[in-house]
Each structure stands twice: as structure tokens, then as C-alpha cells.
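Q: okay, sequence plus prediction incoming.
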Amino acid sequence: MKEVLAIIRMNKMNETKRALADAGVSSLTARKVVGRGKGKVDYLLLQGAEEGYDEAIQQLGPGPKLIPKRMINMVVPDAKVDLVVKTIIKVNKTGSPGDGKIFVEPIMDAIRVRTGEAGDAAIVEEDAVLAK
Amino acid sequence: MIMVRAIVRPEKIDEVLSALMYAGFPAVTKMDVFGRGKQRGMKIGEITYDELPKELIFTVVKDEDKDFVTETIVKAARTGSKGAFGDGKIFISPVEEAYTISSGQKQL
């Protein structure tokens, strides 16, 4: 099994959740994080600098500017990794920097607390339970 | 690729972030966490605090940058010359694939 860790824009959260549920992978953990990427991320500051404000230009240095993002953690079976990655990319892609990143990491084991079952059985979603 | 997760003191987070920026690793994600270490928290007088506030930062880098990044974080996050309890931990785990959403490509 694999962990898919996606960092996406705040306002894309609802669309992403809906798309993932439609794709049949609904279990996820989400939280709010702040971060920065490769480039200059403070667009207000960039805009100010382009318009020629001295204050904005002075702040353009290498100081850290962190912007809020949403982080999604999902643990899925190997076979569903591609589906999840493609779904997240499809919903979140706007083409401009700041859309986010997706990381795929190996997970050694998973255990369902309710029943104690381990391995892939612990992360299989039970459609029958959902239907009720 | 590897993921470097570091838990550092909240008052040291600015130093760590600017050290990473100057070292050429601007891309990081940060979140607030609470936790305790093997000293079982902190005891001040009668009161024991076992959920101490910390900052968790994580960044994904190429395999060959691992030592440089960890050294940079350790150097910036340590307090005093020898360090002290509560300065934090660094964990390193493998990452198999990384995608950039804006381009849809499989690269960091």
C-alpha cells in the first residue's frame, strides 16, 4: 500500500473531495498547513513591486513568505495510486505556479482500530456499509 | 527522492526556514504540532507539561542532498553550542513519486 500526500490550494478542497468520492476513494485526512515553493510566492508583493512601490521591492529579498495550503493524506492500495494521482491533478490543475505537489510514499502496514485487521484489508472501503 | 521531516522549537522556526532558503531549498511546508519526547515532557515545579508546542516542517529533496539538508536544519535548530533537550528530531523517509500539479508532470 502507498500513502498519497497532496498539497493543494485551499479553495479546491471541496472539488477534490467530491472528485475523489466519485472515483471511489473517499477516505482521507486533511489539515491546514502553510508553506512555500520554489519561487516567489507572495503575489500581492510581486504585484506591488511591478507597480513600482519601494516598500514592496525592499521586501522582495530572500525572506520566507509562507502561504496557506491544504494537505491531504490518503493511504490506498497499490492499484489505486494512479487513479488517485490522476484525479487530484485533473481537479487541481490551473496551470499556474502554486497548484501544489503530490508525493507517493511507501507504507509498511495499516491496522484498522475497530477490528484489528491488518494489511490491505484494513484500508479497503466497504461499499455495503456506506450504502446503509 | 526522500522526505525530510523535522520537528523544531517554535522560536527557532524562522532561523531554520531562512537557513534552508539560503542553502537553496526554498520549498517547505510547515504545521503546528504538539508532542512530547523521551524526557516525558517538561516539569516546572509541581506541574508537568506533556504536550509541548513544536513546529513540524517537511520538505522533499533528492537523495544526494540528504546530508546537506539535515546538517543545515541541525545547525539552525540547535540551541547553545551543545544543544539541549527539546531541540527536536529529524526523520527521513523514502518518497517514490512526486508530481507537480500545475504542469501535471512527474517531477519535483
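A: On my side now, so go ahead. Residues are numbered from 1 along each chain as shown, chains lettered A, B, ... in the order given.

Q: CA atoms for contacts and neighbours, from now on please.
A: OK.

Q: pretty sure residue A:37 is touching residue B:27, no?
A: Yes - using C-alpha atoms under 8 Å, residue A:37 is in contact with residue B:27, at 4.0 Å.

Q: okay, residue B:84 and chain A: tell me how far apart.
A: In this view, residue B:84 and chain A are 26 Å apart by C-alpha to the nearest C-alpha, to the nearest Å.

Q: what's the nearest residue to that residue once chain neighbours are set aside sitting at in phi/psi?
A: Closest residue to residue B:84 apart from its sequence neighbours, by C-alpha to C-alpha, 6 or more residues apart in numbering or on different chains: residue B:78 at 7.4 Å. Main-chain dihedrals, residue B:78, degrees, to the nearest 10: phi -70, psi 140.

Q: so what pLDDT did residue B:78 get?
A: Residue-level confidence at residue B:78 comes out at 92, pLDDT.

Q: can you get me a residue count around it?
A: 19 (other C-alpha atoms under 10 Å in any protein chain shown).

Q: hmm, residue B:87 and it touching each other?
A: Yes - between residue B:78 and residue B:87 a contact is recorded at 5.9 Å, counting by C-alpha under 8 Å.

Q: contacting residues around residue 8?
A: Let's take chain A. Contacts of residue A:8 were listed using C-alpha atoms under 8 Å, 6 or more residues apart in numbering or on different chains, and they are A:69-72, A:92, A:99-101.

Q: switch to chain B, that's the one I care about
A: Under the criterion of C-alpha under 8 Å, 6+ apart, the contact list for residue B:8 reads B:54-57, B:77, B:87-89.

Q: make it 6 Å
A: By C-alpha atoms under 6 Å, 6 or more residues apart in numbering or on different chains, the residues touching residue B:8 are B:54-55, B:87-88.

Q: tell me the one among these nearest to residue A:32.
A: Proximity of the contacts of residue B:8 to residue A:32 was ranked by C-alpha to C-alpha; the top entry is residue B:55 with 13.3 Å.

Q: that closest one and chain A, how far apart?
A: Taking C-alpha to the nearest C-alpha as the measure, residue B:55 and chain A are separated by 11 Å.

Q: A strand includes that residue, no?
A: Yes - counting by DSSP: H, G, I helix; E, B strand; the rest coil, residue B:55 is found in a strand.

Q: if we can go back for a sec, determine which two of the contacts of residue B:8 are furthest apart.
A: Farthest-apart pair in these is B:55 and B:87; separation 10.8 Å (C-alpha to C-alpha).

Q: settle it for me: which of the two has more neighbours?
A: Legend: neighbour count by other C-alpha under 10 Å for residue B:55 and residue B:87, higher for residue B:55 (20 against 16).

Q: what's downstream of the one helix or strand residue A:21 maps to, the next helix or strand?
A: Secondary structure here is read from DSSP states H and E; on that basis residue A:21 sits in helix A:13-22. Secondary structure here is assigned by DSSP H and E; on that basis, the next helix or strand after helix A:13-22 toward the C-terminus is strand A:29-36.
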